[in-house]
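>>> show me how the following folds:
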Amino acid sequence: MLLNLPTTLTWIRIALIPAFVGVYYLPIEWLSPTQQNWTGALIFTFAAITDWADGFAARRLGQTSAFGAFLDPVADKLMVAAALLLLVQMKRADAVVAFVIVGREIAVSALREWMAKIGQSNSVAVSTIGKFKTTAQLTAIIALLLYEPFFPGISTPVLGTIALFIAAALTLWSMFYYLKLAWPHMRDDAGKPPPAGHSD
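Numbering: from 1, shown residues only. All right, here's what the predicted structure looks like:
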């Protein structure tokens, strides 16, 4: 079944990406910079909530599927990549830090796909490190998108920048953690001949 509640929430998250990006390109007569910041931060926050909600619904309603398992991380990575590109363009995030985070997502996604092909997908399941990384990453992006005073005494630019560097550090840590778990399988596979018809 390609369309159930969890998958619908994931599709909504994907549909929000152009709306989220478009907010920052609207004429200033339509939305002031402050309104853009609040609107963009709220859309991203709502998207993050749908990410939690679709996972909860899938488990609670027993509506897990292979397609949903594929689509959910794709939606997450597209939203995060779009947000980071916007932040770099607006000079609120360092391009190197953004590259580290996006590059890690691509590398780990490829690693998980390969591990799934050899029947070892559980070997690179989401770890506690990965959950901390996601928390720091979401905190950083929301704070840097907002870029406005929120709580007295808390600077969202400073909070977002610190959280983004923490997310980047945890990103590298979790990537090496996954590579360590996958290394025995990579070593064993290195000596095997490629499948018929395979070419580099």
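
>>> now the helices for the chain?
5-23, 33-61, 66-89, 95-117, 128-146, 156-190 (DSSP state H).

>>> from the chain's centroid, how far away is the third one?
In other words, helix 66-89. Relative to its parent chain, helix 66-89 has a centroid offset of 5 Å by C-alpha atoms, centre = their mean, to the nearest Å.

>>> that helix versus helix 128-146: what angle between them?
50 degrees (axes from the mean of the first three to the mean of the last three C-alpha atoms, to 10 degrees).

>>> now L138: closest residue in space that isn't a chain neighbour?
A48 (5.5 Å; C-beta to C-beta, 6 or more residues apart in numbering). For every residue, glycine as well, the C-beta is placed using N, CA and C.

>>> cool, and T156?
A143 (4.4 Å).

>>> report pLDDT for that neighbour.
pLDDT, A143: 95.

>>> how about it, what does it touch?
Going by C-beta atoms under 8 Å, 6 or more residues apart in numbering, A143 touches T156, P157, L159, G160, A163.

>>> returning to that earlier point: deepest of the helices of the chain, which one?
helix 128-146 (a mean of 20; mean count of other C-beta atoms under 10 Å).

>>> can you give me how far that one is from the chain middle?
In terms of C-alpha atoms, centre = their mean, the centre of helix 128-146 is set 9 Å apart from its chain centre.

>>> just the angle between that helix and helix 5-23, please?
Using the same axes, to 10 degrees, helix 128-146 lies at 40 degrees relative to helix 5-23.

>>> coming back round to it: so how far is M79 from the residue nearest to L138?
8 Å (C-beta to C-beta, to the nearest Å).

>>> equivalent analysis for G22, please.
In this view, G22 and M79 are 14 Å apart by C-beta to C-beta.

>>> and L164, by the same measure?
16 Å.

>>> now do N4
In terms of C-beta to C-beta, N4 sits 21 Å off from M79.

>>> same question for P27.
Taking C-beta to C-beta, one finds P27 at 24 Å from M79.

>>> these two touch, right, L164 and A95?
No. Using C-beta atoms under 8 Å, L164 is not in contact with A95; the gap is 11.8 Å.

>>> where does this protein have low pLDDT?
Applying pLDDT under 70 to the chain flags the ranges 1-2, 68, 114-127, 182-183, 185-200.
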